[in-house]
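Trainee: got a structure for you, letters missing:
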């Protein structure tokens, strides 16, 4: 199966062959995290935790179920999620007085508690996050990591004294995203979503999108500014230094396992996965090249090499299975291990290790005396190569248009739009594409005309077909 010819089928085949997820669980869209996929996701979680902890966020864990009475307090929010949620109506044989919803996201679970926790301006800003599973009834064709019904999800929730302070949090969120995405070697667009596509209850939403090989975009997460849209119905107030009671201003920031789906789609090839070194369950795999005469010696040298690399902080695996080296190469190529290390009798005599990079196929040797720093350097080079390559590919998939006469099928479109909802809907109806939104932050220097009404505009918008 070739990636460029049939991305959807290629993606499903690669995920299955690499052992990233098992879709055979008897509830559609609720897949089993297999050890290899879960290891990769845990590394992503670690990066997120590191950045959130460093910026003064505290991790929490809220209950899974939300009472319907709390869920319905924000009318726009319930309207946005009502068709997607799972309801719990019975406890054993007893019908519940108040239905419970499995959280689709946690605003309505957290905010009644925020109203109890916050009393004074000294309690602000409140910055918390959790990494949990959320549940949404996905009606489209399910696809591992991209479209599932039980979603591994990160969400941060913050409360602030003013709209300006909340806006500073949005800026911090984009900085956190930049650091995490760099480790994942993922390029992305930040776009202010349209009014009809923003998060239910938000003042505005910034979408985080990356481009797949078929030209469609994948939304990996979003950042939301709420103003007081949630603090008013949930009565989250604080007493300022003058003794006046005011409603807090709030933000949220969420990303999901779609990050892993994005990594697979952006980096991998027809041979299998290509894992960015920072998230790879194994950053290097050692393949002993043994003969009848030196089997024990090579095996011992491989174990010694693994110990050296482990001491250097590198995640390593010795593949000592009793099969041909070529079969091992094939298996680890599918799993996308960044660096393959081969160790045979000749390598031992020459005091070197032979390496092969998964991203470029480049081969060479590393002196055994500096193998730790040598492997570390190559892994850094792989990360840099993957990120720069992905950035170039993403930008090559953006096509600027000035009319609707000739729209490419497999591109993200850059076009003028006046911002009028009527023109936006007209564009989406005529092209069957989705307006992703205007760039965030606003970019200067653009001059164009709305592709529908012809009105001059100094902002462009991006549009795409979406996964």
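Mentor: Cool, the structure landed. These numbers come from a predicted model, not from an experiment.
Trainee: Could you name the residue of this protein that is farthest from its center?
Mentor: Of all residues in the chain, the one whose C-alpha sits farthest from the chain's mean C-alpha position, using C-alpha atoms, centre = their mean, is residue 293 at 48.7 Å.
Trainee: Test for you: state the pLDDT assigned to that one.
Mentor: Residue-level confidence at residue 293 comes out at 86, pLDDT.
Trainee: mind checking how far the nearest residue to it once chain neighbours are set aside is from residue 63?
Mentor: Closest residue to residue 293 apart from its sequence neighbours, by C-beta to C-beta, 6 or more residues apart in numbering: residue 345 at 7.9 Å. (C-beta placed from N, C-alpha, C; glycine too.) Summarising the geometry, the distance separating residue 345 from residue 63, computed by C-beta to C-beta, to the nearest Å, is 60 Å.
Trainee: Let me see the contact set for the residue nearest to residue 293.
Mentor: By C-beta atoms under 8 Å, 6 or more residues apart in numbering, the contact set of residue 345 is 289, 291, 293, 294, 297, 298.
Trainee: Secondary structure element holding the second one?
Mentor: Put plainly, it is residue 291. Following DSSP states H and E, one finds residue 291 outside all helices and strands.
Trainee: Would you mind listing where this structure has pLDDT under the threshold?
Mentor: Residues of the chain that meet the criterion pLDDT under 70 lie in 1, 75, 77-78.
Trainee: for the spatially most central residue of the chain, phi and psi?
Mentor: Residue closest to the average C-alpha location in the chain (C-alpha atoms, centre = their mean): residue 259, at 2.1 Å. The main-chain torsion angles of residue 259 are listed as degrees, to the nearest 10 and equal phi -60, psi -40.
Trainee: That one - nearest residue in space that isn't next to it in sequence?
Mentor: Using C-beta to C-beta, 6+ apart and skipping the chain neighbours, the partner closest in space to residue 259 is residue 220 (5.2 Å).
Trainee: Surely that neighbour touches residue 257?
Mentor: No. Taking C-beta atoms under 8 Å as the definition, residue 220 is not a contact partner of residue 257, at 9.3 Å.
Trainee: Run a quick neighbour tally on residue 135.
Mentor: For residue 135, the tally of surrounding residues (other C-beta atoms under 10 Å) stands at 21.
Trainee: so who does the nearest residue to it once chain neighbours are set aside touch?
Mentor: For residue 135, ignoring the flanking residues on the chain, the nearest one in space by C-beta to C-beta, 6+ apart is residue 102 at 4.1 Å. Residue 102 makes contact with 64, 65, 66, 85, 86, 87, 88, 134, 135, according to C-beta under 8 Å, 6+ apart.
Trainee: Strands of the stretch 1-150 of the chain, residue ranges please.
Mentor: 21-22, 32-33, 58-59, 65-67, 87-91, 94-102, 126-135, 150-160 (DSSP state E, counting those that start in this stretch).
Trainee: Which neighbours in the sheet does the second one have, and how are they oriented?
Mentor: Looking back up the chat, that one is strand 32-33. According to DSSP bridges, strand 32-33 has the following sheet partners: strand 21-22 (antiparallel).
Trainee: Please tell me how far the strand it pairs with is from the chain's geometric centre.
Mentor: Put simply, strand 21-22 sits 18 Å off its chain's centre (C-alpha atoms, centre = their mean, to the nearest Å).
Trainee: End to end on stretch 135-148, go ahead and measure it.
Mentor: One end of stretch 135-148 to the other measures 9 Å (C-alpha to C-alpha, to the nearest Å).
Trainee: got the contact list for that stretch?
Mentor: Counting by C-beta under 8 Å, 6+ apart, stretch 135-148 makes contact with 8, 11-12, 15, 20-21, 23, 28-31, 81, 83-86, 102-104, 149-151, 218, 257-258, 260-261, 264, 467, all of which sit outside it.
Trainee: same deal with stretch 190-202?
Mentor: Surrounding stretch 190-202, the residues in contact under the criterion C-beta under 8 Å, 6+ apart are 74, 76-81, 107, 174, 204-209, 222, 224-226, 229-230, 252, 421, 424-425, 434-441, 461-462.
Trainee: Counting only helices, which of those residues make the cut?
Mentor: When DSSP state H defines the helices, the subset of the contacts of stretch 190-202 inside them is 76, 77, 78, 79, 80, 81, 107, 174, 421, 424, 425.
Trainee: before we move on, the earlier item: any of the contacts of residue 345 buried? List them.
Mentor: In terms of neighbour count (16 or more other C-beta atoms under 10 Å), the buried residues within the contacts of residue 345 are 289, 294, 298.
Trainee: Next, format those as a markdown table and append distance to residue 333 and secondary structure.
Mentor: Formatted as a markdown table, the entries for the buried ones among the contacts of residue 345 read as follows, by distance: C-beta to C-beta, whole Å; DSSP: H, G, I helix; E, B strand; the rest coil:
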| residue | distance to residue 333 | secondary structure |
| --- | --- | --- |
| 289 | 17 | strand |
| 294 | 25 | coil |
| 298 | 22 | helix |
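Trainee: Which one of the residues you listed is nearest to residue 352?
Mentor: Each of these was checked against residue 352 using C-beta to C-beta; the closest is residue 289, at 12.7 Å.
Trainee: now the closest residue to the closest one other than its chain neighbours: how far from residue 38?
Mentor: Of all residues beyond its chain neighbours, the one nearest residue 289 is residue 344 (3.2 Å), with distances taken as C-beta to C-beta, 6+ apart. Here residue 344 is placed at a distance of 33 Å from residue 38 (C-beta to C-beta).
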